[in-house]
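1. got a sequence here, can you model it:
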Amino acid sequence: MSFEIKLSLFEGPFDLLLFFIERDELDIHDIPISKITNDFLSYLHELEQMNIEVASEFILVAATLMRIKAKTLLPRPELNEAGEEIDPREELVKHLLEYKKYKSVIGELAALEEARMQKYERGNVVKELKTLARQQQVEMELQQVDLYKLLKVYEKVWKRFTEEEKDQSHQVVQYPYTVESQKDYLRGLLKWEKKAVSFTTIIDHYPNKIAVIFNFLAILELLQLNEITIRIGEGYNNFWIHELEDAE
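-> Down below sits the predicted model:
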């Protein structure tokens, strides 16, 4: 695996060259090419010793410096059309001046960007309202409502309403009966009916299933307490209840 390390100090080869020029207070228009080349190559060697991959642009500039240095050592200088000697450093100086100009502009733009980041955006009222709604947790959905969204909401609400209507409801009703109360009722009924009463009469007084169950349980408990006895009477599943003292 290979990875790339970005140096925070020198982002490019021209950054490094300008550093050497400013460090040694050199004239950018009259660069001592031999010294600059040596410093540049020494820096590249240090990167290699730290196992840092050297970018191709650094290698290109190093080759350019070595080429310029070789030209300055040649006894035959190059001449232009006017017969004047061509300085081999001219093109490099031109690129350095142009890079320095853009670098200064980038610094100003970075300062403007930082200042702009400290300001709030203005002018887009809808966007500002949405931003305020998110910050304050206020519902701003009405700003984006259309007919389609309203119909979709209505459809969901109506579907939920119909599903709730289909749900079966169970109502718990507390019946006003207890075994003790029905035992007292039977004792009073036996006294009122001259100490004998049929089970069908009791059902007629309380014609519901729960009352029949409680009355039957009350009869069983009275039988266990030896307060009553029963006799088979007329009719299907009918019997008579007597007080025990009158039973045969």
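
2. which residue ranges make up each domain of the protein?
-> 13-77+84-117, 179-246 (automatic domain parsing).

3. tell me the mean pLDDT over the longest one?
-> I take that to be domain 13-77+84-117. Here domain 13-77+84-117 scores 79 as its mean pLDDT.

4. if we can go back for a sec, dump the domains of the chain into CSV; add distance to Q171 and mean neighbour count as well.
-> Any C-beta I mention is one placed from the backbone N, CA and C, and that applies to glycine too. Supplementary listing: the domains of the chain in CSV, determined by distance: least, C-beta to C-beta, whole Å; neighbours: other C-beta atoms under 10 Å:
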stretch, distance to Q171, mean neighbour count
domain 13-77+84-117, 65, 13
domain 179-246, 15, 14
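
5. the longest helix that the chain contains: how far from the chain's middle?
-> When the chain is scanned for its longest helix (criterion: DSSP state H), the result is helix 90-117. How far helix 90-117 lies from its chain's middle: 41 Å, per C-alpha atoms, centre = their mean, to the nearest Å.

6. where do the strands sit along the chain?
-> Using DSSP state E, the strands of the chain run over 196-198, 228-232, 239-243.

7. would you format the ones you listed as TSV with mean pLDDT included?
-> Supplementary listing: those in TSV, determined by pLDDT from 0 to 100:
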stretch	mean pLDDT
strand 196-198	81
strand 228-232	82
strand 239-243	81
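
8. pipe these into JSON lines and attach distance to V93 per row.
-> Listed next are the strands of the chain as JSON lines, based on distance: least, C-beta to C-beta, whole Å:
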{"stretch": "strand 196-198", "distance to V93": "131"}
{"stretch": "strand 228-232", "distance to V93": "130"}
{"stretch": "strand 239-243", "distance to V93": "130"}
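
9. do you know which of those strands lies nearest Y206?
-> For those, proximity to Y206 was assessed by C-beta to C-beta; strand 196-198 is nearest, at 12.8 Å.
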